[in-house]
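Participant: following is a predicted model, sequence given first.
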Amino acid sequence: MAAPAAACSQALPYRSPRIPTWDVQTTYRADGTMILSSADAPAIEQNGFVDFLPYWAQRRGNSPAFSERDAQGGWRSISWSGLWNQVRHVAAGLLNLGLGQGRPLMMLSGNSIEQAILLLAAEYAGVPTVPVSPAYSTISSDFARLKGIAALVQPAAIFVQEREPFERAIAALGLPEVPIIAVCGSTDEAWSFNALASLELTPARIAALASARAAIQPADVLRILFTSGSTGAPKGVVSTYANFKASTRYFAHVHGALSEPQPVFLDWMPWHHTMGGVFAFGRAMVTGASHYIDDGRPVPGHFERTLRNLREVSPTVFSSAPSALTMLANALEDDAQLAQSLFARLVNFGYGGASLPRATWERIQRIAGKTIGERLAFCTSLGATETNATGTYFSVPSDDLGNVGVPGPGVELKLVPLEGGDGRFEIRMRGAAIFGGYLKDPSQSAKAFDEEGYLCLGDAIRLANAENPLEGLRFAGRVAEDFKLTNGTWVRTGSVRLGLLEQCAPLLTDAVICGHDRDYVAALAWPNVAACRRLAPELAALEIEALVAHPVVIAALNERLRMQKASGSSLHVRRLMLMTEPPSIDANETTDKGYVNQAACRARRGNLIDEVYCPTPPAFVATAA
């Protein structure tokens, strides 16, 4: 009899992830606190991302550095030598236009070759950059976040790829004196991107550029990124040249082994977010990669573009959200050509932002085994915008899903026991890459650090092995999202939410866990409309308002709630109501990454929570009773 497919795949060897290991030391304190520390990465010549440009321009030459889809659907690229040349021209142009410390460049549009050039040119010339989520300009209705950011940073210039999609946002800012740099639609020809890129490098401009570069100090501002607002309003994270030097050193050690042969990356992560603009961008720079800008997104309706790109581009590493990896598994099972392209040079997967379902991991490993006869490591990490893409890292080839690893090179962790007696710790970090404070917000800056200078992330973790911290850590939710029931029992929102979504799969897309000062846990949730419509033929064309209250849908949810295996009032969801209004970015209910702000949703939707907790619940509320 043939062995099961899962067993066969588990017997296969792992392909090397080409990530080194490093030593970690553990110190125990009398109060139960633990310190996990890793030695600094080896020193390198480069002090930042832009310092790798002349190095790779000489070694890679005409090999592609960045590529993106053009208007005709083909790929357009810039080589490493071309990138180095354009960066110097644009850097001189930024100085010629009066930008510098205290006069930053704000960026409203998404990833592009031109934005890559501007980011590097600004770093080279000492000009702070402020990449902002395009959602604040294109999805928001009142532009409140965008206006708040502009008021804080006071941009001396604004960049957009094309002016037309951002016209309303630009008008809402009310900054007519601030020039717009654009590839298409600049306010003045002198401010067009093409004019900057073709600026003549006269002896005077070359001297001015050299002088500006020599004047850069470690404490100068290099980048201002805004937090995603996962648990509060976005804050400006000020990153200095010293911070980026530490991040560069970190990436060179962790990812340097990928540099030969030239690695290929296909990545969607936005550069206004630390995982895109610091981690993915920095990894491409330190390894001299061929970086393809993925125009897809890890959501239905947009992931098809990623699949198209993967049929043409075989990446060395592929990273995305767990939901995207599930969609990838679906596609791989039906497309052997896609599998051949994906696994051709792949050495590891990366994921973050949520837990990876074991079923997804098993399906991908099964396809990898069938395609290349090997399994792949799934790497992940834990950090924050404030840590500049450093933090913990996990790259062990294993089935230990949910392990976020140990502190990376030069990172020190402080694990503080949390009340509740359930083995959770609050995780805090310290290291040279970690920021020094929020922009013009001394109060929040002071609150961000404890008395020993550790950054308080607001995350909870558990030890993968309570007897050996060096086996790694597991994410255990956001501390600020947890609450107590009336009986004093703590509700760990992150764990309950994940359990509910798994229990009700595939009928829900996300959920808000409720129960503060209540007798039991309930939830508000958003339906997976397509999955709910598949429950019965009569639901196929039903509008969402009728769908969320239909008896067939409620009955399906009732059954799933009754089948919950969790015991105890703090883990068991007794009631659930489906909602039609999506989370609002303007009301801080969600981030552009799709993370649902639990506290903001509970505050804004209090009337719905009251309905869920009615003594006799309405018929459209699912119950476990």
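Facilitator: Structure received.
Participant: remind me which residues of the stretch 1-150 of the chain are low pLDDT?
Facilitator: 1-10 (pLDDT under 70).
Participant: contact partners for the nearest residue to residue 189 once chain neighbours are set aside?
Facilitator: Once its chain neighbours are removed from consideration, residue 189 has its nearest residue in residue 195; the separation is 6.0 Å (C-beta to C-beta, 6 or more residues apart in numbering). Glycine gets a C-beta too; all of them are placed from N, C-alpha and C. Residue 195 makes contacts with 93, 186, 189, as judged by C-beta atoms under 8 Å, 6 or more residues apart in numbering.
Participant: repeat that for residue 351.
Facilitator: Residue 351 makes contacts with 319, 320, 321, 322, 325, 378, 379, 380, as judged by C-beta under 8 Å, 6+ apart.
Participant: could you identify the most distant pair in these?
Facilitator: Based on C-beta to C-beta, the longest span within the contacts of residue 351 runs between 321 and 379 and measures 14.0 Å.
Participant: picking that back up, ok, so of the contacts of residue 351, who is nearest residue 505?
Facilitator: Nearest member of the contacts of residue 351 to residue 505, counting by C-beta to C-beta, is residue 322, at 12.7 Å.
Participant: which pLDDT value goes with the closest one?
Facilitator: Confidence at residue 322, expressed as pLDDT, is 84.
Participant: tabulate the contacts of residue 351 (CSV), appending distance to residue 111 and neighbour count.
Facilitator: Rendered in CSV, the data for the contacts of residue 351 read as follows (distance: C-beta to C-beta, whole Å; neighbours: other C-beta atoms under 10 Å):
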residue, distance to residue 111, neighbour count
319, 14, 25
320, 15, 24
321, 16, 21
322, 21, 20
325, 21, 24
378, 24, 27
379, 22, 23
380, 22, 23
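Participant: now, these that are in strands?
Facilitator: Cross-referencing those with the strands (criterion: DSSP state E) gives 319, 320, 378, 379, 380 as the overlap.
Participant: the second one contacts residue 298, doesn't it?
Facilitator: Meaning residue 320. Yes: in this structure, residue 320 sits in contact with residue 298. The criterion is C-beta atoms under 8 Å, and the distance is 5.1 Å.
Participant: look at residue 513 and say how many residues are nearby.
Facilitator: By the measure other C-beta atoms under 10 Å, the count of residues near residue 513 is 26.
Participant: tell me the contacts of it?
Facilitator: Counting by C-beta under 8 Å, 6+ apart, residue 513 touches 481, 491, 493, 496, 497, 500, 521, 523, 573, 598.
Participant: max pairwise distance over those residues: which two?
Facilitator: Across those (C-beta to C-beta), the longest gap, 15.2 Å, separates 481 and 573.
Participant: tell me if I'm right that residue 520 and residue 571 touch.
Facilitator: No: counting by C-beta under 8 Å, residue 520 does not reach residue 571; the two are 10.7 Å apart.
Participant: quick one: which of residue 481 and residue 573 has more around it?
Facilitator: residue 573 (27 against 23).
Participant: is that one bridged to anything, and to what?
Facilitator: residue 521 (DSSP bridges).
Participant: again, but for residue 78
Facilitator: Note on residue 78: beta-bridge partners residue 66, judged by DSSP bridges.
Participant: related to what we said a few turns ago, and the contacts of residue 513, which is closest to residue 222?
Facilitator: Minimum distance to residue 222 across these is 31.7 Å, recorded for residue 481 (C-beta to C-beta).
Participant: state the distance from that closest one to residue 512.
Facilitator: Here residue 481 is placed at a distance of 10 Å from residue 512 (C-beta to C-beta, to the nearest Å).
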